[in-house]
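Student: Okay, here's the prediction I keep looking at, along with the sequence it came from:
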Number of protein chains: 2
Amino acid sequence: MTRWQPDARERLERAALQLFTEQGFAATTVPEIAARAGLTTRTFFRYFADKREVLFAGNEMPEYATRLMADAPPGLDPLTQILHGLRVVAQSRFDGRKEEMRQWRAIIATDEGLQERDLHKRSALAAAVRDGLLLRGLAPTAAAVLGDTCVTLLHVALDEWLAHDDDRMLFEIVLSTLDSLRASLVVAPAND
Amino acid sequence: MTRWQPDARERLERAALQLFTEQGFAATTVPEIAARAGLTTRTFFRYFADKREVLFAGNEMPEYATRLMADAPPGLDPLTQILHGLRVVAQSRFDGRKEEMRQWRAIIATDEGLQERDLHKRSALAAAVRDGLLLRGLAPTAAAVLGDTCVTLLHVALDEWLAHDDDRMLFEIVLSTLDSLRASLVVAPAND
């Protein structure tokens, strides 16, 4: 047994990402991941239920969103609240980690089960944001549509951020994606 | 062998929905569905790969969206195009079938695999709308965000439509959901 490792989770995640990238998701085993991280298989299972979870568990976005929304100052309008959450997430989880995120995306794209898990996580994040807005008194339809839109803004912006090698921060792109959405929604009459 | 049945697909779908509702998705077999529809198992497999697919294949929404978008008159702005598609879908696929849709939703809620398939179908629909908008010259980010938003409007409106027993048509609720989204997006400043 190794002694307690304060950074064990991050080391396991990094090791898994490396191995999945080098030799594929299907071909990689949990003992290989643990060995690459310099830890035991038993330590691996203290943090993750299986090798799939190592790609998702570090990113407890729904729980994180729930906490962020509960901690926001009262009286903020819903969009300001969502933008605040998106900024915190963009800066703390994504900026400076573009290469890692690209590797992550590339691995997800190789496996249908991983894609389903990714969609499930997005849906859970939308539901968490919706529930947070409901708790703060927003009407159900407005909360549901904003929950979904929050996830849309994050993921469309992420795609653009990952597709370019410029220096833009992710949150800048979230804001320009929001501008694009606003512009698209005011063009047409309400009925055709 | 029964002779060719022009309405075989619909009869199989109706029979499956009845049986899944009566005795559960897991407990129902393909031969039972075929028998309830008065058709053979072989006929079932001419239309559907498995009993899961009978819940989804009748609703070829992504292909339908692609066709709708390709057939739209040139020069329509993107939102008008999307609203046109949502109106056609609401009227032709949903209005007048509320009970059936409620049964469908209730069955999906009982099985994690069905929920994943549903999320996958939503994601495929968003991608089809995005691709249709790209083909018509919209910029990638605008197309992606509108593709997602189209699916959001449909599904949030569907939830509200299914939750009430009033006489509103689905498309009316799509339009009020859009109004709600517009209102939510103009409240806040672009940066906080």
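Tutor: That came in fine, so what should we check first?

Student: got the domain boundaries for chain A?
Tutor: Per automatic domain parsing, the structural domains of chain A span A:8-54, A:60-186.

Student: Would you map the helices across chain A?
Tutor: A:8-23, A:30-36, A:41-47, A:61-71, A:78-89, A:98-108, A:112-135, A:140-163, A:170-187 (DSSP state H).

Student: Using CSV, lay out these together with distance to residue B:100.
Tutor: Using the backbone N, CA and C atoms, a C-beta is placed for each residue, glycine as well. Shown next, in CSV, are the helices of chain A (distance: least, CB to CB, whole Å):
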stretch, distance to residue B:100
helix A:8-23, 43
helix A:30-36, 45
helix A:41-47, 45
helix A:61-71, 31
helix A:78-89, 34
helix A:98-108, 35
helix A:112-135, 23
helix A:140-163, 22
helix A:170-187, 31
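
Student: Mean pLDDT added to these, as a markdown table?
Tutor: Output for these, formatted as a markdown table (pLDDT from 0 to 100):
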| stretch | mean pLDDT |
| --- | --- |
| helix A:8-23 | 93 |
| helix A:30-36 | 96 |
| helix A:41-47 | 94 |
| helix A:61-71 | 82 |
| helix A:78-89 | 92 |
| helix A:98-108 | 93 |
| helix A:112-135 | 91 |
| helix A:140-163 | 96 |
| helix A:170-187 | 93 |
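
Student: if we can go back for a sec, how about a markdown table for the domains of chain A, with distance to chain B added?
Tutor: A markdown table is the format used below for the domains of chain A (distance: least, CB to the nearest CB, whole Å):
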| stretch | distance to chain B |
| --- | --- |
| domain A:8-54 | 14 |
| domain A:60-186 | 4 |
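
Student: Now tabulate those domains in a markdown table and tack on mean neighbour count.
Tutor: Below are the domains of chain A laid out as a markdown table (neighbours: other CB atoms under 10 Å in any protein chain shown):
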| stretch | mean neighbour count |
| --- | --- |
| domain A:8-54 | 17 |
| domain A:60-186 | 18 |
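
Student: Pull up the gap between residue A:76 and residue B:95, please.
Tutor: Residue A:76 sits 38 Å away from residue B:95, taking CB to CB, to the nearest Å as the criterion.

Student: for residue A:16, that is, sorry about that
Tutor: From residue A:16 across to residue B:95, the span is 48 Å (CB to CB).

Student: Also residue A:70?
Tutor: Counting by CB to CB, the gap from residue A:70 to residue B:95 is 39 Å.

Student: do residue A:79 as well
Tutor: Relative to residue B:95, residue A:79 is positioned 32 Å away (CB to CB).

Student: next one: residue A:98
Tutor: Distance of residue A:98 to residue B:95, computed by CB to CB: 46 Å.

Student: Leaving out sequence neighbours, find the closest residue to residue A:127.
Tutor: residue A:147 (6.5 Å; CB to CB, 6 or more residues apart in numbering or on different chains).

Student: and if you look at residue A:123?
Tutor: Excluding the flanking residues, the one nearest residue A:123 by CB to CB, 6+ apart is residue B:119, at 5.6 Å.

Student: Test my guess that the one you found contacts residue A:117.
Tutor: No: contact between residue B:119 and residue A:117 fails when scored by CB atoms under 8 Å: they sit 10.3 Å apart.

Student: which other residues reach stretch A:68-77?
Tutor: A:81, A:84-85, A:88-89, A:128-129, A:132-133, A:135-136, B:187-188 (CB atoms under 8 Å, 6 or more residues apart in numbering or on different chains).

Student: Kindly provide the distance from residue A:45 to residue A:60.
Tutor: Counting by CB to CB, the separation of residue A:45 from residue A:60 is 18 Å.

Student: and if you look at residue A:168?
Tutor: In terms of CB to CB, residue A:168 sits 26 Å off from residue A:60.

Student: One more: residue A:27?
Tutor: As judged by CB to CB, residue A:27 and residue A:60 stand 27 Å apart.

Student: go on, residue A:25?
Tutor: Shown here: residue A:25 relative to residue A:60, a distance of 21 Å by CB to CB.

Student: which residue sits closest to residue A:162 in space, ignoring its chain neighbours?
Tutor: Closest to residue A:162 by CB to CB, 6+ apart is residue A:102, at 5.6 Å.

Student: from memory the one you found sits against residue A:163, does it?
Tutor: No: counting by CB under 8 Å, residue A:102 sits too far from residue A:163 to count as a contact (9.5 Å).

Student: Distance check, residue A:166 against residue A:160.
Tutor: In terms of CB to CB, residue A:166 sits 10 Å off from residue A:160.

Student: same deal with residue A:171?
Tutor: Residue A:171 is 12 Å from residue A:160, by CB to CB.

Student: how near is residue A:18 to residue A:101?
Tutor: With CB to CB as the criterion, residue A:18 and residue A:101 are 14 Å apart.

Student: Same check on residue A:84?
Tutor: Using CB to CB, residue A:84 is found at 22 Å from residue A:101.

Student: now do residue A:161
Tutor: 8 Å.

Student: Show me the common contact partners of these two, please.
Tutor: With CB under 8 Å, 6+ apart, residue A:161 and residue A:101 have common neighbours residue A:94.

Student: Provide a list of residues in contact with residue A:37.
Tutor: With CB under 8 Å, 6+ apart, residue A:37 has these contacts: A:8, A:11-12, A:14-15, A:44.

Student: just residue A:113 next, same as before
Tutor: Counting by CB under 8 Å, 6+ apart, residue A:113 has contacts residue A:52.

Student: try 10 Å this time
Tutor: Taking CB atoms under 10 Å, 6 or more residues apart in numbering or on different chains as the criterion, residue A:113 is in contact with A:25-26, A:52, B:116.

Student: And those, which two are furthest apart?
Tutor: Greatest spacing in the contacts of residue A:113, by CB to CB: A:26 and B:116 (19.1 Å).

Student: follow-up on the earlier one: pretty sure the residue nearest to residue A:162 sits against residue A:159.
Tutor: No: here residue A:102 does not reach residue A:159: they are 11.1 Å apart, not a contact under CB atoms under 10 Å.
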